[in-house]
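K.L.:
here is a sequence with its predicted model. Questions after.
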Amino acid sequence: MRRTGWMLAALALALPASADAQYVGDCEDLGSSKVTKPGPFKALPQEVVEIPSKRDGRALQIGFIRPDAPAGYRAPVIVHASAYHNRDLKEADLAACARFLSANFVQHGYAIAIVPTRGVGDTDGCPNMFGPIERSDLDDALTWLGTRPWSNGNVGMYGISYSGSTPWVA
């Protein structure tokens, strides 16, 4: 599996900033997101899984939306890992949590994933910015996403502020 977070960071810098592209922590609907060129795929229904942390066995939440692609299609994955996801992902509208990513990338064949860092949302434990727990949790999440049968193994990350630190930690 290849991690390409730096490429997405460069992509994010090249994209125009707008109020529609900003993140809202409680996953409220942000309205429309500007789509520059429509893609060929629709989105499958969102999924939320919990995987055990290899560090201490605590549950890590991963929410994701995949493109509705032909059988055998393997998607690259864009991850937004953040301390700002303050809601249980099982009760959230993931497309609203990451409207810019879902509107602009899923239709072009990318899967998008949301990973709350420890201590927020429905996670267990205390925040650990840049610490060994956060590094381990992100490694677990990225490895899980990159090894799914629907993933092509290319996993990149996206974010600003705290969310921009998670690609560095990973």
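P.N.:
That came through, no problem.

K.L.:
ok, so what distance separates residue 81 from residue 71?
P.N.:
Between residue 81 and residue 71 the distance is 29 Å, computed by CB to CB, to the nearest Å. For glycine as for every other residue, the C-beta is placed from the backbone atoms N, C-alpha and C.

K.L.:
show me the longest helix that occurs in this structure.
P.N.:
helix 132-146 (DSSP state H).

K.L.:
what mean pLDDT does that one have?
P.N.:
For helix 132-146, the mean pLDDT works out to 94.

K.L.:
so which bits of whichever helix or strand comes after that helix are buried?
P.N.:
The helix or strand immediately downstream of helix 132-146 is strand 151-157, counting by DSSP states H and E. Residues of strand 151-157 classed as buried: 151-152, 154-157 (neighbour count, 16 or more other CB atoms under 10 Å).

K.L.:
partners of strand 151-157, with directions?
P.N.:
strand 2-3 (parallel), strand 75-82 (parallel) (DSSP bridges).

K.L.:
mind checking how far the longest one is from the chain centre?
P.N.:
A distance of 4 Å separates the C-alpha centroid of strand 75-82 from that of its chain, computed with CA atoms, centre = their mean, to the nearest Å.

K.L.:
show me where the protein has its strands.
P.N.:
Counting by DSSP state E, the chain has strands at residues 2-3, 47-52, 59-65, 75-82, 111-116, 151-157.

K.L.:
switch those over to JSON lines; also include mean pLDDT and distance to residue 141.
P.N.:
Below are these laid out as JSON lines (pLDDT from 0 to 100; distance: least, CB to CB, whole Å):
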{"stretch": "strand 2-3", "mean pLDDT": "49", "distance to residue 141": "11"}
{"stretch": "strand 47-52", "mean pLDDT": "96", "distance to residue 141": "7"}
{"stretch": "strand 59-65", "mean pLDDT": "94", "distance to residue 141": "5"}
{"stretch": "strand 75-82", "mean pLDDT": "94", "distance to residue 141": "7"}
{"stretch": "strand 111-116", "mean pLDDT": "94", "distance to residue 141": "5"}
{"stretch": "strand 151-157", "mean pLDDT": "96", "distance to residue 141": "9"}
